[in-house]
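>>> Turn this into a model:
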Amino acid sequence: MEQYAIKGGNPLVGEVEIGGAKNAALGVLAAAIMTDDTVIVDNIPDVRDINVLLNAMESIGVVVNRIDRHTAKINASMISAFVIEDEFIKKIRASYYLLGALLGKYKHAEVALPGGCNIGSRKIDLHIKGFKALGAEVKIEHGLIIADAQRLKGAHIYLDTVSVGATINIMLAAALAEGKTVIENAAKEPHVVDVANFLNSMGANIKGAGTDVVRITGVQKLHASEYAIIPDQIEAGTFMLAAAITKGDITVKNVIPKHLESTTAKLIEMGCQVEESDDAVRVVASRRLESTQVKTLPYPGFPTDMQPQISVALALANGTSIVTESIFDNRFKYVDELAKMGSNIKVESNTAIIEGVSHFTSADLTAPDLRAGAALVLACLTADGFSTVDDIKYIERGYEDFHIKLQSLGAQIDKVMSEKDLQKFKLKVG
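Model prediction:
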């Protein structure tokens, strides 16, 4: 029974260091197997999704040497199989990056259909469309996506909808294809840019990452590289919202403020003070938040991965807010949990109408997915009394040492394994 035990009521105050971006690291680590030379990747977050991916890579013969908690030395010269169907890999979404990487390098790959959080349909049809355009045959059999090609040849690919996963996967496969590939309507997210920069550091020729047209000129092979992952904009945004929700004062360090602009803009609209420096952002919430409108959009719009966190903040704001989810179709599952704490939120289709309440009361909650789980923890930190959050395995998929970082800001939170641990926690914090 792993769960977080929480006593709410303390404003969070202090500094917190942000780790490497999980979504960038997943793409970069998959790309690292595309050379036979040794690659060193630094600033890797130590979270469940990353560890599952590295284990899957080892299962096909990749040598992964963890130099320290956040650095790995990777050598993929001894890959002996192209089939990845490890039971854990099915649980993470980014397993499909191994498809693009193996297809690019070996012209063949078989990877289990991906899983991840149940937040709505995340089809892989655009990935398949891209691989087919490059000359691969793709089929789905026995729960595996199987891609095979005699040769890969550059192509002009238009993505019907903006897709981070498809943009990265096509980039991976096209990096070693013959000729030029153009991806139109490409995703512009920072982790797309990070994967492109890493591929370029290994000798790839990718231009335009971060714009909606990415141009890739295939090269014959890739070489060794040392690379550091960018900071995680969603972890950073979560701690920025933690300051807003708990009426705190948090300086979020080791960030790229440019990546956080959409979150910063909303916090200012809601009445927070935000101060930016070169690699840090400070958020101060000294009074009750004001209502606002939020619509999730592809980058540089407001991130879907920040929607539950800002909705928790708006549930405590003065007035009525409207949050529209335009990316995923099942991302309001946390609303039922939040209702147990006294929130007033009505969901109609992909829109939440939020009437702000003055405070939350404690409750025993269950995390429905990664980001919603983190948002519920923040809700508990501002509630009166003791709360628990179950199913924290979701939260640990994407946040390293979440409860420890919150403790460092003054939160009364701990991970407990049993009823006895829970009682000890209650006695300790009173």
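
>>> ok, the closest residue to A21 other than its chain neighbours to P303 distance?
With Cβ to Cβ, 6 or more residues apart in numbering as the criterion, A21 has its nearest non-adjacent residue at 4.1 Å, and that residue is D232. Bear in mind the C-beta positions are built from the backbone N, C-alpha and C, glycine included. According to Cβ to Cβ, to the nearest Å, D232 and P303 sit 11 Å apart.

>>> who's in contact with the residue nearest to A21?
18-24, 45 (Cβ atoms under 8 Å, 6 or more residues apart in numbering).

>>> That one and I74, how far apart?
Taken as Cβ to Cβ, the span from D232 to I74 is 20 Å.

>>> Likewise for Y158?
Y158 is 33 Å from I74, by Cβ to Cβ.

>>> which of the two has more neighbours?
I74 (22 against 13; other Cβ atoms under 10 Å).

>>> Compute the number of surrounding residues for I50.
Neighbours of I50 using other Cβ under 10 Å come to 24.

>>> who does the helix or strand hosting it touch, helix- and strand-wise?
Assigned by DSSP states H and E, I50 falls within helix 48-59. Applying 3 or more Cβ pairs under 8 Å, 6 or more residues apart in numbering; DSSP states H and E, we find helix 48-59 packed against helix 22-31, strand 63-68, helix 97-106.

>>> ok, how many other residues are close to Y299?
Y299: 20 neighbours (other Cβ under 10 Å).

>>> tell me the SS of it?
Here Y299 is coil, with the state taken from DSSP: H, G, I helix; E, B strand; the rest coil.

>>> returning to that earlier point: as a markdown table, the contacts of D232 with pLDDT and distance to G165 would be great.
What follows is the contacts of D232, written out as a markdown table (pLDDT from 0 to 100; distance: Cβ to Cβ, whole Å):
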| residue | pLDDT | distance to G165 |
| --- | --- | --- |
| I18 | 98 | 23 |
| G19 | 98 | 21 |
| G20 | 98 | 19 |
| A21 | 98 | 15 |
| K22 | 97 | 14 |
| N23 | 95 | 9 |
| A24 | 98 | 13 |
| P45 | 98 | 18 |
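
>>> And the furthest pair within these?
I18 and N23 (13.6 Å; Cβ to Cβ).

>>> Next, the buried residues of the helix or strand harbouring V41.
Per DSSP H and E, V41 falls inside strand 38-42. Within strand 38-42, the residues that qualify as buried are 38-41, counting by 16 or more other Cβ atoms under 10 Å.

>>> before we move on, the earlier item: quick one: the residue nearest to A21 and M306, what's the gap?
Going from D232 to M306 by Cβ to Cβ gives 12 Å.

>>> And for E337?
Distance of E337 to M306, computed by Cβ to Cβ: 18 Å.

>>> So for V416, what's the pLDDT?
What the model reports for V416 is a pLDDT of 98.

>>> Bridge partners for it, pull those for me.
Judged by DSSP bridges, the bridge partners of V416 are Q3.

>>> That one contacts I6, doesn't it?
No - using Cβ atoms under 8 Å, V416 makes no contact with I6, being 10.2 Å away.

>>> Now the common contact residues for the two.
Taking Cβ under 8 Å, 6+ apart as the contact rule, V416 and I6 both touch T388.

>>> Looking at those two, which has the bigger crowd around it?
Taking neighbours as other Cβ under 10 Å, V416 and I6 compare with I6 leading, 29 against 20.

>>> What helix or strand is the more buried one located in?
strand 3-7.
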